[in-house]
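Undergrad: Next come a sequence and a model predicted from it.
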Amino acid sequence: MTKKELALVCIQRLKEAYPLAECTLDYEHAWQLLVEVRLAAQCTDARVNVVVQDLFAKYPTVAALAAATPEEIEEIVRPCGLGHSKARDISACMRMLRDKYDCHVPQTFDELLALPGVGRKSANLIMGDVFGKPAIVTDTHCIRLCNRIGLVDNIKEPKKVEMALWKIIPPEEGSDFCHRLVYHGRDVCTARTKPFCDRCCLADVCRYARENGLAPAGAEEAATK
Ligand code: SF4
């Protein structure tokens, strides 16, 4: 089985396991998701969803948040950790949206990437979730699972994983597939415990399961190409 074939199997199995493929951050407007992905660094999505309720109640528009000082923003977002730098980035980002994009979120990857505090992961998330464009979001779950499964070979750097996945994932499947990797990474292929290969829908095609004697009899050979 090639890596492309393996990817198609994983996409299909995870679709069946997790029919919904939604972002776990709650938002109504694109600019709110921009704020939330910055807050989500080294913080759980669940906590971000709580903290932003106060933030968006006090500053309900791009213009309102852009008018706030970084200190005022930090006061609210502190529970997400790294409050000082996150508040500074959010302030600069909202000011750029206000001053350069008439309070709208730009729709190209390069423009998103140029916003303060926005990296490739965040830009891809916005492209996929907000604009419905092809996207590969390489968060910690994606990187761990793709290495274990054998979709990539010992690649840990997010951009390199992203580039490797672009070669094997059909573009229209990328965004949903990455969301499902998050679900699977939380529920089954966990980081802090040993992965629960005994109840994993990918055990017969997964490299880690095969190499650790956890794959069922007759499991597929490793994908090498
Ligand atoms: S078989 Fe095990 S290592 Fe492979 S994806 Fe499933 S839980 Fe993760």
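TA: Alright, I've got the coordinates. Keep in mind that this is a model prediction, so the values were computed, not measured.
Undergrad: Of all the residues in stretch 203-217, which ones are buried?
TA: Buried positions in stretch 203-217, judged by neighbour count with 16 or more other C-beta atoms under 10 Å: 203-210, 214-215. Every C-beta, even on glycine, is put in place using the N, C-alpha and C of the backbone.
Undergrad: Run through those residues and flag the ones next to the ligand.
TA: Residues of these in contact with the ligand (C-beta under 6 Å from any ligand atom): 203, 206, 208-209.
Undergrad: can you tell me which of the residues you listed are in helices?
TA: 208-209 (DSSP state H).
Undergrad: Make JSON lines out of the ones next to the ligand among the buried residues of stretch 203-217 and add distance to residue 37 and pLDDT.
TA: Compiled in JSON lines, those are given as follows (distance: C-beta to C-beta, whole Å; pLDDT from 0 to 100):
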{"residue": "203", "distance to residue 37": "32", "pLDDT": "97"}
{"residue": "206", "distance to residue 37": "29", "pLDDT": "97"}
{"residue": "208", "distance to residue 37": "29", "pLDDT": "97"}
{"residue": "209", "distance to residue 37": "32", "pLDDT": "96"}
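Undergrad: ok, which pair from the ones next to the ligand among the buried residues of stretch 203-217 is furthest apart?
TA: Using C-beta to C-beta, the pair of these lying farthest apart is 203 and 208, separated by 9.3 Å.
Undergrad: Overlap of the contact sets of these two?
TA: Shared contacts of residue 203 and residue 208 (C-beta atoms under 8 Å, 6 or more residues apart in numbering): 197, 214.
Undergrad: How is the protein divided into domains?
TA: The record, using automatic domain parsing to delimit domains, assigns the chain the ranges 3-21+139-211, 30-129.
Undergrad: residues contacting residue 143?
TA: 155-156, 158, 161.
Undergrad: Is the ligand within reach of whatever helix or strand it lives in?
TA: Here residue 143 sits within helix 140-149, counting by DSSP states H and E. Yes - using C-beta under 6 Å from any ligand atom, helix 140-149 reaches the ligand at 145, 148-149.
Undergrad: which secondary structure elements does the helix or strand containing residue 100 contact?
TA: Using DSSP H and E, residue 100 sits within helix 83-101. Helices and strands touching helix 83-101, by 3 or more C-beta pairs under 8 Å, 6 or more residues apart in numbering; DSSP states H and E, are helix 30-39, helix 62-67, helix 70-77.
Undergrad: what's next to the shortest one, contact-wise?
TA: Residues outside helix 62-67 that contact it (C-beta under 8 Å, 6+ apart): 31, 35, 55, 58-59, 73, 90-91, 94-95, 97-99, 103-104.
Undergrad: Tabulate the residues of helix 140-149 next to the ligand (JSON lines), appending pLDDT.
TA: Output for the residues of helix 140-149 next to the ligand, formatted as JSON lines (pLDDT from 0 to 100):
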{"residue": "145", "pLDDT": "98"}
{"residue": "148", "pLDDT": "98"}
{"residue": "149", "pLDDT": "98"}
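Undergrad: of those residues, closest to residue 179?
TA: residue 145 (12.2 Å).
Undergrad: The closest one reaches residue 183, doesn't it?
TA: No - taking contacts as C-beta atoms under 8 Å, residue 145 lies outside contact range of residue 183: 10.5 Å.
Undergrad: Pick out whichever of the two has more residues nearby.
TA: Neighbour totals were compared for residue 145 and residue 183, and residue 145 leads with 26 against 18 (other C-beta atoms under 10 Å).
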